[in-house]
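Novice: Sequence first, then the predicted structure, then my questions.
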Amino acid sequence: MKKIMMFLSMLALSISAWAAVDLNTATQAELESVNGIGPKKAQAIIEYRKKNGNFKSVDDLDNVSGFGKKTVDKVKKEVSVGNATAAAAAGKQEKAKK
């Protein structure tokens, strides 16, 4: 029984590690946990969010100081807006364009 509990605990931790970081609610530390986002970029996201309100799309990062298309593409898989994952948000945008 102890081994099963240990396994379930490890599984829960590993799943949470793969969860996307929500750009609209993440703290500085949570943003910095994303590969490609350091302290300056994390602070820029928070400042942008305070000034402009919630992100509607992950692609809105392109409007944040210090982010370009290359960086946005790099972090897309690890961030989300609201309950939607980055991939789902990107998919909705593509459908809307058609």
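Specialist: Done, it's in. Residues are numbered from 1 along each chain as shown.
Novice: From now on I want contacts and neighbour counts done on CA atoms only, so please keep to that.
Specialist: Fine.
Novice: all helices for this protein, in order.
Specialist: 2-17, 28-32, 39-52, 69-75, 86-97 (DSSP state H).
Novice: tell me the mean pLDDT for the last one?
Specialist: Averaging pLDDT along helix 86-97 yields 48.
Novice: And for stretch 24-40?
Specialist: Along stretch 24-40, the predicted confidence averages to a pLDDT of 95.
Novice: Against Pro39, how distant is Val58?
Specialist: In this structure, Val58 lies at 19 Å from Pro39, with Cα to Cα, to the nearest Å as the measure.
Novice: What is the neighbour count of Asn35?
Specialist: The number of residues packed around Asn35, counting by other Cα atoms under 10 Å, is 12.
Novice: which residue packs closest to it, ignoring adjacent ones?
Specialist: Val75 (6.7 Å; Cα to Cα, 6 or more residues apart in numbering).
Novice: That neighbour reaches Leu31, doesn't it?
Specialist: No. Counting by Cα atoms under 8 Å, Val75 sits too far from Leu31 to count as a contact (10.3 Å).
Novice: show me what contacts the nearest residue to Phe67 once chain neighbours are set aside?
Specialist: With Cα to Cα, 6+ apart as the criterion, Phe67 has its nearest non-adjacent residue at 6.4 Å, and that residue is Leu61. With contact set as Cα atoms under 8 Å, 6 or more residues apart in numbering, Leu61 has these partners: Ile45, Phe55, Phe67, Gly68, Val72.
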